[in-house]
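*Asks:* Sequence and predicted structure are below.
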Amino acid sequence: MKAGHTAMGAGRRRDFLRIGLGAGALTTAAGLLPWSSISALAREMENFIKGPPVPDIAPTRLSDRVWMIYSPDGFPTPENLGMMCNVTFVLTAKGVVILDSGASLQIGEMAVRQIRRLTDKPVVAIFNSHYHGDHWLGNQAYVEAFGKDMPIYAHAHSKEKIEGFEGNSWRTLMEKWTNQSTAGTMIVPPNKTVEHGAEFSFGDTTLRVHHYGVAHTPGDICVEVLEDKLTHVGDVAMDRRIANMDDGKYLGTFAFYDALEKNADSRLWVPGHGHPSKDVLHWNRELFEGIYRNCEAAVKGGKGMGVAREMVVKDPRVASRAADTKGFEHNIGKYVSLAYLEAEENNF
């Protein structure tokens, strides 16, 4: 548990539960507790049951309608309380639309605070880009703040995963990785499915869904804000971070990029991790090309995975990105392995 939680040990919890009223004080097993300490103890107990609040991060305006709460970290830790994924939202005439809700109840609550400083309109819809928990575990906060009938959209594959084993696994892992800082977060899965080409009108704003097969996962959706020429790409592409490819395909990602660039008239690509820019797809494509094409060449030349890795790390498309890509040294071996296995599958 976090340092702020450890003071509430087993004995303190028993004391709290045995509190009785006294004259101007509370009576615990340890004796009288002054009224001045009641609120502090109550807050401590609440934090034991529910993780601490996430500090406010002021949103950045990306376009006329779109704002983003930027996460500087790429991985969940006790120190960042699980704040590892950008939370993007669209201010429309009909209300606020969330594009990925964050990794916990507490992160969602922080986002709600920021939204309320910008507008008095309610949150009217959520889109979850895929089933990895840092993109949807915040759903709970918006439902609690704006109503249980909130439409939450996702691809059918993502909805199925969140409702099944993967959903609970992600909730548990986030608690473990953050030392229980996300405690209190409940699974609130998407309640509506979307397919490629679906369009949603929110008065002055039109959102269009893009899905082109397996990329980061089999169920990735990207959401285009037509009027602002901006597309939220989730984890299909990242900035200064290698996207987790355990559930994805390199060749599928290249095809996804081709289709996005052809069909989404966007000047700005907004990733789930890192900064938005017009170059996000290009940055990620070159990195992945450097990984996959070398593995493909190694497979075709009858060379092993170790040789493939040497080829990958020497490739300028990879080497030039190593220094400023989060988790590069720790993860490059895994991404080479996945690319090599995919290349074997595609060439035999």
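*Replies:* Cool, the structure landed.

*Asks:* gap between the nearest residue to N191 once chain neighbours are set aside and M83?
*Replies:* Counting by C-beta to C-beta, 6 or more residues apart in numbering, N191 lies nearest to I152, which is 5.3 Å off, once chain neighbours are set aside. Backbone N, C-alpha and C define where each C-beta goes, glycine included. Distance, I152 to M83, by C-beta to C-beta, to the nearest Å: 21 Å.

*Asks:* of these two, who's got more company?
*Replies:* Comparing I152 with M83 by other C-beta atoms under 10 Å, the one with more neighbours is M83, at 27 against 21.

*Asks:* Run a quick neighbour tally on the nearest residue to the more buried one once chain neighbours are set aside.
*Replies:* Counting by C-beta to C-beta, 6+ apart, M83 lies nearest to S71, which is 5.1 Å off, once chain neighbours are set aside. Close neighbours of S71, defined as other C-beta under 10 Å, add up to 21.

*Asks:* For S71, what are phi and psi?
*Replies:* Per-residue torsions, S71: phi -100, psi 120 (degrees, to the nearest 10).

*Asks:* so it sits right up against H273, yeah?
*Replies:* Yes: at 7.1 Å, S71 counts as touching H273 under the criterion of C-beta atoms under 8 Å.

*Asks:* Next, show the common contact partners of the two.
*Replies:* M84, C85, N86 (C-beta atoms under 8 Å, 6 or more residues apart in numbering).

*Asks:* and the second one, that's in a strand?
*Replies:* Same thing as C85. No: membership of C85 in a strand is not supported by DSSP: H, G, I helix; E, B strand; the rest coil, which gives coil.

*Asks:* correct me, but it touches G274?
*Replies:* No: between C85 and G274 there is no contact under C-beta under 8 Å: 10.3 Å.

*Asks:* So the residue nearest to N191 sits against T193, correct?
*Replies:* No: the criterion here is C-beta under 8 Å, and I152 misses it with T193 at 10.2 Å.

*Asks:* shared neighbours, these two?
*Replies:* Contacts common to I152 and T193, judged by C-beta under 8 Å, 6+ apart, are absent.

*Asks:* can you map out the helices along the stretch 51-200 of the chain?
*Replies:* 105-118, 139-146, 156-163, 165-177 (DSSP state H, counting those that start in this stretch).

*Asks:* These: which one's closest to D258?
*Replies:* helix 156-163 (21.0 Å; C-beta to C-beta).

*Asks:* Need the CA coordinates for that closest one. PDB is fine.
*Replies:* Output of helix 156-163 as PDB, limited to C-alpha atoms (Å, rounded to 0.1, in the frame of the first residue of the first chain):
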ATOM      1  CA  ALA A 156     -17.600  -5.400 -30.200                       C
ATOM      2  CA  HIS A 157     -14.300  -7.200 -29.600                       C
ATOM      3  CA  SER A 158     -13.300  -4.600 -27.000                       C
ATOM      4  CA  LYS A 159     -16.700  -4.800 -25.300                       C
ATOM      5  CA  GLU A 160     -16.500  -8.600 -25.100                       C
ATOM      6  CA  LYS A 161     -13.000  -8.500 -23.600                       C
ATOM      7  CA  ILE A 162     -13.900  -5.800 -21.000                       C
ATOM      8  CA  GLU A 163     -16.900  -7.800 -19.900                       C
END
